[in-house]
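1. coords please:
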Amino acid sequence: MSDWQPTASIENLKLRAALLAKLRQFFAARGILEVDTPALSRAGATDRHIRSFRVEDGHGGALYLHTSPEFPMKRLLAAGSGDIWQLGKVFRGGEAGRTHNPEFTMLEWYRLGYDHHRLMAEVAELVSTLVPGRGAPDYLSYREAFRRHAGLDPFTASGRDCRAVMERSGRHPPAESELDMDGWLDLLAGELVYPALGKGGLTFIYDYPASQAALARVRPGDPPLAERFEAFMDGMELANGFHELTDAVEQRRRFEADRTYRREQGLMDVPMDQRLLVALEYGLPGCAGVAVGFDRLVMITAGTRSIDEVMAFPSSRA
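-> Okay, here's the model as predicted:
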(Lines give C-alpha, C1' and ligand atoms only; values in the text may rest on other atoms or scores of the structure.)
Protein backbone atom coordinates (compact mmCIF):
# COMPACT_ATOMS: atom_id res chain seq x y z
CA MET A 1 0.00 0.00 0.00
CA SER A 2 1.48 3.32 -1.11
CA ASP A 3 -1.42 5.69 -0.49
CA TRP A 4 0.04 6.75 2.85
CA GLN A 5 2.25 9.14 0.91
CA PRO A 6 1.27 12.75 0.08
CA THR A 7 -0.13 13.50 -3.36
CA ALA A 8 1.75 16.81 -3.46
CA SER A 9 5.49 16.86 -4.08
CA ILE A 10 7.70 18.21 -1.32
CA GLU A 11 8.63 21.04 -3.71
CA ASN A 12 4.97 22.05 -4.04
CA LEU A 13 4.50 21.88 -0.27
CA LYS A 14 7.48 24.22 0.14
CA LEU A 15 5.96 26.55 -2.48
CA ARG A 16 2.68 26.48 -0.56
CA ALA A 17 4.48 27.49 2.64
CA ALA A 18 6.27 30.33 0.83
CA LEU A 19 2.96 31.65 -0.52
CA LEU A 20 1.46 31.53 2.98
CA ALA A 21 4.33 33.70 4.22
CA LYS A 22 3.74 36.19 1.39
CA LEU A 23 0.03 36.33 2.28
CA ARG A 24 0.75 37.33 5.84
CA GLN A 25 3.20 39.97 4.67
CA PHE A 26 0.59 41.36 2.25
CA PHE A 27 -2.06 41.84 4.94
CA ALA A 28 0.37 42.97 7.65
CA ALA A 29 1.62 45.72 5.33
CA ARG A 30 -1.97 46.99 5.03
CA GLY A 31 -2.74 46.82 8.75
CA ILE A 32 -5.52 44.25 8.30
CA LEU A 33 -6.22 42.15 11.41
CA GLU A 34 -5.91 38.36 11.12
CA VAL A 35 -8.78 36.59 12.90
CA ASP A 36 -9.71 33.00 13.72
CA THR A 37 -13.38 31.94 13.84
CA PRO A 38 -15.02 28.55 14.55
CA ALA A 39 -15.23 25.81 11.94
CA LEU A 40 -18.41 24.48 13.58
CA SER A 41 -21.71 26.35 13.71
CA ARG A 42 -25.32 25.78 14.78
CA ALA A 43 -26.30 27.16 11.35
CA GLY A 44 -25.62 25.70 7.92
CA ALA A 45 -25.25 27.22 4.47
CA THR A 46 -28.68 27.95 2.99
CA ASP A 47 -27.08 28.66 -0.42
CA ARG A 48 -28.88 26.64 -3.09
CA HIS A 49 -25.68 25.32 -4.63
CA ILE A 50 -23.67 24.44 -1.50
CA ARG A 51 -23.95 21.36 0.69
CA SER A 52 -23.01 21.62 4.36
CA PHE A 53 -21.56 18.70 6.32
CA ARG A 54 -23.78 17.91 9.31
CA VAL A 55 -22.21 16.37 12.42
CA GLU A 56 -23.63 15.27 15.76
CA ASP A 57 -22.83 17.50 18.72
CA GLY A 58 -22.87 14.61 21.22
CA HIS A 59 -26.01 15.86 22.96
CA GLY A 60 -28.67 14.91 20.44
CA GLY A 61 -28.26 18.06 18.39
CA ALA A 62 -26.48 18.98 15.19
CA LEU A 63 -23.57 21.16 14.19
CA TYR A 64 -22.45 22.13 10.69
CA LEU A 65 -18.90 22.43 9.39
CA HIS A 66 -18.63 25.88 7.90
CA THR A 67 -18.54 26.32 4.12
CA SER A 68 -17.02 29.78 4.56
CA PRO A 69 -15.98 31.90 7.58
CA GLU A 70 -18.16 34.73 6.26
CA PHE A 71 -20.91 34.83 8.87
CA PRO A 72 -18.75 34.92 12.04
CA MET A 73 -16.43 37.40 10.33
CA LYS A 74 -19.38 39.69 9.68
CA ARG A 75 -20.31 39.40 13.34
CA LEU A 76 -16.81 40.61 14.19
CA LEU A 77 -17.21 43.52 11.75
CA ALA A 78 -20.49 44.50 13.44
CA ALA A 79 -18.70 44.34 16.81
CA GLY A 80 -16.15 46.91 15.63
CA SER A 81 -13.17 44.81 14.52
CA GLY A 82 -12.26 46.98 11.55
CA ASP A 83 -10.67 45.42 8.45
CA ILE A 84 -10.09 41.68 8.93
CA TRP A 85 -8.79 38.63 7.09
CA GLN A 86 -8.69 34.90 7.71
CA LEU A 87 -7.14 31.80 6.17
CA GLY A 88 -8.55 28.41 7.10
CA LYS A 89 -10.09 25.11 6.16
CA VAL A 90 -13.68 25.06 4.90
CA PHE A 91 -15.88 22.10 4.02
CA ARG A 92 -18.38 21.51 1.21
CA GLY A 93 -20.14 18.25 0.45
CA GLY A 94 -20.18 16.80 -3.05
CA GLU A 95 -17.20 18.84 -4.23
CA ALA A 96 -14.53 16.59 -5.69
CA GLY A 97 -12.62 16.71 -8.96
CA ARG A 98 -9.64 18.26 -10.68
CA THR A 99 -10.12 21.65 -8.98
CA HIS A 100 -12.30 20.62 -6.01
CA ASN A 101 -11.86 18.81 -2.71
CA PRO A 102 -14.49 18.54 0.08
CA GLU A 103 -11.99 20.14 2.48
CA PHE A 104 -10.02 23.06 1.11
CA THR A 105 -8.29 26.26 2.19
CA MET A 106 -10.10 29.57 1.82
CA LEU A 107 -8.73 33.07 2.15
CA GLU A 108 -11.35 35.66 3.06
CA TRP A 109 -11.08 39.34 3.87
CA TYR A 110 -13.28 42.42 4.42
CA ARG A 111 -12.53 46.09 3.82
CA LEU A 112 -14.62 48.85 5.40
CA GLY A 113 -15.74 51.60 3.04
CA TYR A 114 -14.88 49.60 -0.08
CA ASP A 115 -17.24 48.74 -2.92
CA HIS A 116 -16.74 45.75 -5.22
CA HIS A 117 -14.70 47.74 -7.74
CA ARG A 118 -12.19 48.93 -5.15
CA LEU A 119 -11.88 45.43 -3.73
CA MET A 120 -11.27 43.98 -7.22
CA ALA A 121 -8.20 46.22 -7.45
CA GLU A 122 -6.87 44.85 -4.17
CA VAL A 123 -7.50 41.26 -5.27
CA ALA A 124 -5.48 42.03 -8.39
CA GLU A 125 -2.64 43.35 -6.19
CA LEU A 126 -2.64 40.16 -4.12
CA VAL A 127 -2.67 37.86 -7.14
CA SER A 128 0.16 39.79 -8.81
CA THR A 129 2.15 39.40 -5.58
CA LEU A 130 1.64 35.63 -5.47
CA VAL A 131 1.57 34.94 -9.22
CA PRO A 132 3.98 37.46 -10.77
CA GLY A 133 4.69 37.85 -14.45
CA ARG A 134 1.12 37.91 -15.75
CA GLY A 135 -0.41 40.72 -17.77
CA ALA A 136 -2.62 43.51 -16.47
CA PRO A 137 -6.05 42.36 -15.24
CA ASP A 138 -9.05 42.49 -17.53
CA TYR A 139 -12.45 43.75 -16.31
CA LEU A 140 -15.69 42.68 -17.98
CA SER A 141 -19.27 43.16 -16.90
CA TYR A 142 -21.36 39.98 -16.76
CA ARG A 143 -23.23 41.23 -19.83
CA GLU A 144 -20.02 41.93 -21.76
CA ALA A 145 -18.60 38.51 -20.90
CA PHE A 146 -21.70 36.71 -22.21
CA ARG A 147 -21.83 38.80 -25.37
CA ARG A 148 -18.16 38.11 -26.08
CA HIS A 149 -18.00 34.40 -25.29
CA ALA A 150 -21.59 33.15 -25.69
CA GLY A 151 -22.94 35.57 -28.28
CA LEU A 152 -26.05 36.63 -26.37
CA ASP A 153 -27.29 39.22 -23.88
CA PRO A 154 -27.96 37.44 -20.57
CA PHE A 155 -30.46 40.11 -19.51
CA THR A 156 -32.74 39.79 -22.54
CA ALA A 157 -32.17 36.20 -23.73
CA SER A 158 -34.70 33.42 -23.19
CA GLY A 159 -34.11 29.81 -22.26
CA ARG A 160 -34.69 28.94 -25.90
CA ASP A 161 -31.93 31.36 -26.93
CA CYS A 162 -29.55 29.73 -24.46
CA ARG A 163 -30.42 26.28 -25.73
CA ALA A 164 -29.70 27.36 -29.31
CA VAL A 165 -26.27 28.67 -28.29
CA MET A 166 -25.48 25.36 -26.59
CA GLU A 167 -26.54 23.40 -29.63
CA ARG A 168 -24.47 25.56 -31.98
CA SER A 169 -21.45 24.90 -29.79
CA GLY A 170 -21.88 21.16 -30.31
CA ARG A 171 -23.12 20.46 -26.79
CA HIS A 172 -26.27 18.61 -25.79
CA PRO A 173 -28.34 20.81 -23.45
CA PRO A 174 -31.09 19.48 -21.18
CA ALA A 175 -34.78 19.88 -21.99
CA GLU A 176 -35.97 23.49 -21.71
CA SER A 177 -38.34 22.59 -18.88
CA GLU A 178 -35.49 21.35 -16.66
CA LEU A 179 -33.87 24.75 -16.05
CA ASP A 180 -35.01 28.21 -15.04
CA MET A 181 -33.26 31.24 -16.55
CA ASP A 182 -30.54 31.33 -13.91
CA GLY A 183 -29.97 27.64 -14.52
CA TRP A 184 -29.47 28.29 -18.23
CA LEU A 185 -27.08 31.16 -17.53
CA ASP A 186 -25.09 29.04 -15.07
CA LEU A 187 -24.85 26.30 -17.69
CA LEU A 188 -23.66 28.68 -20.40
CA ALA A 189 -21.22 30.31 -18.02
CA GLY A 190 -19.69 27.00 -17.00
CA GLU A 191 -19.49 25.62 -20.55
CA LEU A 192 -18.62 28.65 -22.68
CA VAL A 193 -17.89 31.82 -20.72
CA TYR A 194 -15.76 31.02 -17.68
CA PRO A 195 -13.39 28.54 -19.41
CA ALA A 196 -12.44 31.33 -21.85
CA LEU A 197 -11.45 33.80 -19.11
CA GLY A 198 -8.10 34.67 -17.61
CA LYS A 199 -5.91 33.51 -20.48
CA GLY A 200 -2.54 35.06 -19.76
CA GLY A 201 -3.76 37.09 -16.80
CA LEU A 202 -6.53 37.76 -14.33
CA THR A 203 -10.08 38.48 -15.55
CA PHE A 204 -12.80 39.96 -13.36
CA ILE A 205 -16.52 39.60 -14.10
CA TYR A 206 -18.76 42.04 -12.24
CA ASP A 207 -22.39 43.27 -11.97
CA TYR A 208 -24.37 40.03 -12.04
CA PRO A 209 -28.13 39.64 -12.50
CA ALA A 210 -30.06 40.62 -9.37
CA SER A 211 -31.38 37.04 -9.14
CA GLN A 212 -27.78 35.92 -8.52
CA ALA A 213 -27.05 38.46 -5.80
CA ALA A 214 -26.30 35.88 -3.08
CA LEU A 215 -25.01 38.13 -0.25
CA ALA A 216 -24.39 41.24 -2.35
CA ARG A 217 -26.22 44.55 -2.56
CA VAL A 218 -28.51 45.08 -5.54
CA ARG A 219 -28.14 48.37 -7.41
CA PRO A 220 -31.48 49.64 -8.78
CA GLY A 221 -31.74 50.21 -12.51
CA ASP A 222 -32.89 48.62 -15.74
CA PRO A 223 -31.90 45.93 -15.21
CA PRO A 224 -31.08 45.95 -11.47
CA LEU A 225 -27.57 44.58 -10.87
CA ALA A 226 -25.97 42.60 -8.07
CA GLU A 227 -22.79 44.34 -6.93
CA ARG A 228 -20.62 41.24 -6.90
CA PHE A 229 -17.65 39.91 -8.85
CA GLU A 230 -15.74 36.76 -9.63
CA ALA A 231 -12.10 36.47 -10.69
CA PHE A 232 -10.68 33.90 -13.10
CA MET A 233 -7.24 32.86 -14.26
CA ASP A 234 -6.52 30.17 -16.83
CA GLY A 235 -10.26 29.47 -17.04
CA MET A 236 -10.46 28.67 -13.31
CA GLU A 237 -12.44 30.63 -10.73
CA LEU A 238 -10.21 32.09 -8.03
CA ALA A 239 -12.38 34.55 -6.13
CA ASN A 240 -15.97 35.52 -5.36
CA GLY A 241 -16.58 38.95 -3.88
CA PHE A 242 -19.44 41.23 -2.83
CA HIS A 243 -20.29 44.79 -2.00
CA GLU A 244 -21.87 43.37 1.12
CA LEU A 245 -25.57 43.45 1.91
CA THR A 246 -26.13 45.15 5.28
CA ASP A 247 -29.96 45.00 5.39
CA ALA A 248 -31.06 42.39 7.95
CA VAL A 249 -34.64 42.24 6.63
CA GLU A 250 -33.51 41.58 3.06
CA GLN A 251 -30.92 39.05 4.24
CA ARG A 252 -33.59 37.13 6.17
CA ARG A 253 -35.84 37.15 3.09
CA ARG A 254 -33.05 35.68 0.96
CA PHE A 255 -32.27 33.01 3.57
CA GLU A 256 -35.94 32.02 3.74
CA ALA A 257 -36.25 31.90 -0.07
CA ASP A 258 -33.19 29.65 -0.25
CA ARG A 259 -34.59 27.33 2.41
CA THR A 260 -37.89 27.11 0.56
CA TYR A 261 -36.04 26.20 -2.63
CA ARG A 262 -33.99 23.56 -0.82
CA ARG A 263 -37.11 21.92 0.62
CA GLU A 264 -38.86 21.94 -2.76
CA GLN A 265 -35.82 20.32 -4.40
CA GLY A 266 -35.46 17.65 -1.73
CA LEU A 267 -32.17 19.10 -0.48
CA MET A 268 -31.13 19.06 3.16
CA ASP A 269 -32.79 21.88 5.06
CA VAL A 270 -30.47 23.78 7.37
CA PRO A 271 -31.14 26.42 10.03
CA MET A 272 -30.31 29.99 9.06
CA ASP A 273 -27.74 31.90 11.07
CA GLN A 274 -29.83 33.90 13.52
CA ARG A 275 -26.75 35.41 15.18
CA LEU A 276 -25.68 36.89 11.85
CA LEU A 277 -29.12 38.44 11.39
CA VAL A 278 -28.95 40.01 14.85
CA ALA A 279 -25.49 41.37 14.02
CA LEU A 280 -26.89 42.91 10.82
CA GLU A 281 -29.69 44.50 12.84
CA TYR A 282 -27.09 45.90 15.25
CA GLY A 283 -25.26 47.38 12.28
CA LEU A 284 -22.80 45.94 9.79
CA PRO A 285 -20.59 48.80 8.52
CA GLY A 286 -20.51 49.39 4.79
CA CYS A 287 -17.88 47.06 3.36
CA ALA A 288 -16.83 44.71 0.61
CA GLY A 289 -15.60 41.18 1.12
CA VAL A 290 -14.05 38.43 -0.95
CA ALA A 291 -13.30 34.71 -0.70
CA VAL A 292 -10.30 33.32 -2.57
CA GLY A 293 -9.48 29.65 -3.17
CA PHE A 294 -5.93 29.44 -1.84
CA ASP A 295 -5.28 25.93 -3.19
CA ARG A 296 -6.11 27.16 -6.69
CA LEU A 297 -3.64 30.02 -6.33
CA VAL A 298 -1.00 27.44 -5.45
CA MET A 299 -2.05 25.37 -8.49
CA ILE A 300 -1.51 28.31 -10.83
CA THR A 301 1.80 29.26 -9.27
CA ALA A 302 3.05 25.65 -9.39
CA GLY A 303 1.67 25.07 -12.90
CA THR A 304 -0.30 21.96 -11.88
CA ARG A 305 -3.51 20.60 -13.39
CA SER A 306 -4.98 19.00 -10.27
CA ILE A 307 -5.67 20.29 -6.77
CA ASP A 308 -4.31 17.00 -5.42
CA GLU A 309 -0.85 18.11 -6.54
CA VAL A 310 -0.82 21.02 -4.09
CA MET A 311 -2.49 19.31 -1.10
CA ALA A 312 -0.57 16.96 1.15
CA PHE A 313 -3.54 14.65 1.64
CA PRO A 314 -6.77 15.28 -0.31
CA SER A 315 -9.96 13.45 0.64
CA SER A 316 -8.90 10.32 -1.25
CA ARG A 317 -6.00 9.90 1.20
CA ALA A 318 -7.40 11.57 4.31
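
2. and the residue nearest the centre of the chain, what does it touch?
-> The centroid of the chain falls nearest to residue 240 when counting by C-alpha atoms, centre = their mean (3.9 Å). Applying C-beta atoms under 8 Å, 6 or more residues apart in numbering, one finds that residue 240 lies in contact with 228-230, 290-291. To be clear about C-beta, it is placed using only N, CA and C from the backbone, and glycine gets the same treatment.

3. can I get the residues you listed in a markdown table with distance to residue 122?
-> Below are those laid out as a markdown table (distance: C-beta to C-beta, whole Å):
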| residue | distance to residue 122 |
| --- | --- |
| 228 | 15 |
| 229 | 12 |
| 230 | 15 |
| 290 | 8 |
| 291 | 14 |
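
4. List just the nearest of the residues you listed to residue 309.
-> Taking C-beta to C-beta as the measure, residue 309 sits nearest to residue 291 out of the contacts of residue 240, at 22.0 Å.

5. give me the number of residues near residue 249?
-> A total of 9 residues lie near residue 249 under the criterion other C-beta atoms under 10 Å.

6. Read off the pLDDT value for it.
-> Looking at residue 249, its pLDDT is 97.

7. same question, residue 169
-> In this prediction residue 169 is given a pLDDT of 91.

8. How about the one 10 residues further on?
-> Per-residue confidence (pLDDT) for residue 179: 87.

9. How about the one 5 residues further on?
-> In this model, residue 184 is scored at 94, pLDDT.

10. One more: residue 133?
-> Listed pLDDT for residue 133 reads 85.

11. Counting neighbours, what do you get for it?
-> When counting by other C-beta under 10 Å, one arrives at 6 neighbours for residue 133.

12. and it, that one's in a helix?
-> No. Under DSSP: H, G, I helix; E, B strand; the rest coil, residue 133 sits outside any helix and is assigned coil.

13. wait, is residue 139 part of a strand?
-> Yes. Applying three-state DSSP, one finds residue 139 inside a strand.

14. Show the contacting residues for it.
-> By C-beta under 8 Å, 6+ apart, the residues touching residue 139 are 120, 203-204, 206.

15. roughly how far apart are it and residue 124?
-> 9 Å (C-beta to C-beta, to the nearest Å).

16. if I look at the two, which residues touch both of them?
-> If you check residue 139 and residue 124 against C-beta under 8 Å, 6+ apart, the residues they both contact are residue 204.

17. that older thread, so the residue nearest to the centre of the chain, which state does it fall into?
-> strand.

18. what pairs with it across the strands?
-> residue 230, residue 291 (DSSP bridges).

19. Now do it against residue 25, distance only.
-> Residue 240 is 24 Å from residue 25, where distance means C-beta to C-beta.

20. what does residue 67 give?
-> Distance, residue 67 to residue 25, by C-beta to C-beta: 28 Å.

21. Looking only at neighbour counts, state which of those two leads.
-> residue 67 (22 against 11).

22. what about that one, helix or strand, and which?
-> Following DSSP states H and E, there is no helix or strand that holds residue 67.

23. Check what pLDDT the nearest residue to it once chain neighbours are set aside gets.
-> Nearest non-adjacent residue to residue 67, counting by C-beta to C-beta, 6 or more residues apart in numbering: residue 45, 4.3 Å away. For residue 45, the pLDDT comes out at 91.

24. Correct me if wrong: residue 45 contacts residue 69.
-> No. Taking contacts as C-beta atoms under 8 Å, residue 45 lies outside contact range of residue 69: 11.8 Å.

25. Could you tell me the per-residue confidence at the residue nearest to the centre of the chain?
-> Per the predicted model, pLDDT is 98 at residue 240.

26. quick one: it from residue 291, how far?
-> From residue 240 over to residue 291 the distance is 5 Å, taken as C-beta to C-beta.

27. likewise residue 169?
-> Separation of residue 169 from residue 291 (C-beta to C-beta): 30 Å.
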